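**Q** I would like to see how this sequence folds:
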Amino acid sequence: MATCFDYAGVVHVHSKNSDGRENVERIVSAAQEAQCDFLILSDHDTLKALPLEGIYHKTLLLVGEEVTVRSRQGHYLAMNVASEVPPHQKAQATIHQVSAQGGIGFIAHPCAKTSRRLLSLGPCSWKNWHAKGFSGLEIWNYSQNWKDHFDGILPHPSGVVCTRSYAHGPFTSVIRKWDELLRYQKVVGIGGVDAHGYIHSYREMFKTLRTHILPAKALSFHKSSFKEDKRLIYHALQKGNCYFSNDLNHNARGFLFSASNGKNQVIMGEELVLMEGVTLTVSSPEAAVLRIVKDRKEIAGVAGARELHHSVHEPGAYRAEVYLTDKNLRKAYRPWIFSNPIYLLN
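**A** Residues are numbered from 1 along each chain as shown. Modelled structure (predicted):
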């Protein structure tokens, strides 16, 4: 396994070019203040901000598009595309057009809930699960957490103003769908803030849910190397060499999920042949509850630890979850880190 670098960025951000509050320049400034290594803009059905792509000191701005699928059948986060993908097509056509450009795509808020109070803000869930060719799913959508919290019968006022109070983790329905798909295919998971800048500022949101990429080569953050840095970011997302975490709880940099068969070692997103067996290792930068999951079942776990080692002998997609203990509540855990799978083969 080559040396891995860890860069944290925010994905799924809207500007004034669609339904966001601020212009792109102010959003980039917010990302810089929040110390984001990269920012992926995803305005609805437009690449208007594409000419602004580049390196802004220590933050890379990348521009994608949140494509609207026909008849409210879902939204698709198109990345690494040079031309706008026309909206209101069938799901399969949308996916195909992104792939035809050499782009990658993630199904946004795949199991979104319709809010009784916030119908005008409610995104649509993905309907066509027979569609093929998508890169992955937006497993954790931070704005959806807030909307779900606010839609309760008696929501606590803190949920309206505090970004931490509604960090309930990914919806169970999304995790279930992810694990279901992983039985048959590779599916990359990412986290998206879905930031618009109205209820919470961009700066506040950018300190919460981040997708960390683990490229084998360091980013340069030099304008002359922007194309290479861009390639490294999208390559890591496409391969699943990434994890997503609520960094408002604690900075997750230093987390690693790896596997070794005695001969080779790989990280999340990669394949490994079982041979005589494989040891899975979860490494956390903070003592926490560590879990290894396969087919929706926890196969190993430990509390109050920084490392978890577990030997396995069966093929499949294995992923890791990390939870922090809530100091204010007994036996309560805050969802913190979710890895991408490691794929073990016979």
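**Q** show me the protein divided up by domain.
**A** The chain breaks down into these domains under automatic domain parsing: 7-248, 254-346.
**Q** which residue packs closest to H14, ignoring adjacent ones?
**A** G20 (3.5 Å; Cβ to Cβ, 6 or more residues apart in numbering). Where you see a C-beta, it was placed from the backbone N, CA and C, and this is true even at glycine.
**Q** what do you get for T3?
**A** A216 (7.1 Å).
**Q** just the pLDDT for L47.
**A** L47 is assigned a pLDDT of 99 by the prediction.
**Q** ok, it - contacts?
**A** By Cβ atoms under 8 Å, 6 or more residues apart in numbering, the contact list for L47 reads 63-65, 81-84.
**Q** what residues sit buried inside stretch 65-77?
**A** By neighbour count on 16 or more other Cβ atoms under 10 Å, the buried set for stretch 65-77 is 65-69, 73-77.
**Q** mean confidence score for that stretch?
**A** 95.
**Q** list the contacts of that stretch.
**A** 11-12, 14, 18, 42-47, 64, 78, 81, 84-85, 87-91, 94-95, 98, 105-110, 123-128, 134, 138, 192.
**Q** that older thread, any chance of CSV for the buried residues of stretch 65-77, columns secondary structure and distance to S245?
**A** As requested, the buried residues of stretch 65-77 are arranged in CSV below (DSSP: H, G, I helix; E, B strand; the rest coil; distance: Cβ to Cβ, whole Å):
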residue, secondary structure, distance to S245
E65, strand, 25
E66, strand, 22
V67, strand, 26
T68, strand, 29
V69, strand, 28
Q73, coil, 30
G74, coil, 25
H75, strand, 23
Y76, strand, 24
L77, strand, 19
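**Q** can I get those residues in a markdown table including distance to N346?
**A** Listed next are those as a markdown table, based on distance: Cβ to Cβ, whole Å:
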| residue | distance to N346 |
| --- | --- |
| E65 | 39 |
| E66 | 39 |
| V67 | 38 |
| T68 | 41 |
| V69 | 37 |
| Q73 | 37 |
| G74 | 35 |
| H75 | 37 |
| Y76 | 33 |
| L77 | 33 |
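**Q** farthest-apart pair in those residues, please.
**A** Largest separation among these by Cβ to Cβ: E65 and Q73, giving 16.6 Å.
**Q** only the buried subset of the contacts of stretch 65-77, as a PyMOL command please.
**A** Applying 16+ other Cβ under 10 Å to the contacts of stretch 65-77, the buried members can be selected in PyMOL as follows:
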select buried, resi 11+12+14+18+42+43+45+46+47+64+78+81+85+87+89+91+94+95+98+105+106+107+108+109+110+123+124+125+126+128+134+138+192
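**Q** the contacts of stretch 65-77 in helices, which ones?
**A** Among the contacts of stretch 65-77, DSSP state H puts 91, 94-95, 98 in helices.
**Q** give me the number of residues near E307?
**A** 12 (other Cβ atoms under 10 Å).
**Q** L280 is in contact with that one, correct?
**A** No - applying Cβ atoms under 8 Å as the test, E307 and L280 come out as separate, 11.1 Å apart.
**Q** returning to that earlier point: of all the contacts of L47, which comes closest to R253?
**A** The nearest one, if we look at these relative to R253 and count by Cβ to Cβ, is G64, at 23.7 Å.
**Q** relative to P51, how far out is the closest one?
**A** Distance, G64 to P51, by Cβ to Cβ, to the nearest Å: 14 Å.
**Q** ditto for H313
**A** Distance, H313 to P51, by Cβ to Cβ: 53 Å.
**Q** T172 now?
**A** Distance from T172 to P51, by Cβ to Cβ: 41 Å.
**Q** do the same with I175
**A** Relative to P51, and taking Cβ to Cβ, I175 is found at 38 Å.
**Q** who's more crowded, these two?
**A** Counted by other Cβ under 10 Å, I175 and P51 do not tie: I175 has more neighbours, with 21 against 9.
**Q** quick one: contacts for E228?
**A** So E228 contacts S220 (Cβ under 8 Å, 6+ apart).
**Q** next, give phi and psi for it.
**A** Backbone torsions of E228, given as degrees, to the nearest 10, read phi -70, psi -40.
**Q** any regions of the stretch 151-300 of the chain where pLDDT drops low?
**A** Applying pLDDT under 70 to the stretch 151-300 of the chain flags the ranges 151-167.
**Q** try it again at 80.
**A** Counting by pLDDT under 80, the stretch 151-300 of the chain contains low-confidence ranges at 151-168.
**Q** how about the strands in it?
**A** For the stretch 151-300 of the chain, the strands defined by DSSP state E, counting those that start in this stretch occupy 188-192, 209-213, 242-246, 256-260, 265-267, 271-273, 278-294, 297-312.
**Q** before we move on, back to that, right, so the domains of the chain: which one is the most enclosed?
**A** domain 7-248 (a mean of 19; mean count of other Cβ atoms under 10 Å).
**Q** give me the distance between the two termini of it.
**A** One end of domain 7-248 sits 16 Å from the other (Cα to Cα, to the nearest Å).
**Q** and stretch 182-196, by the same measure?
**A** Terminal-residue distance, stretch 182-196 (Cα to Cα): 31 Å.
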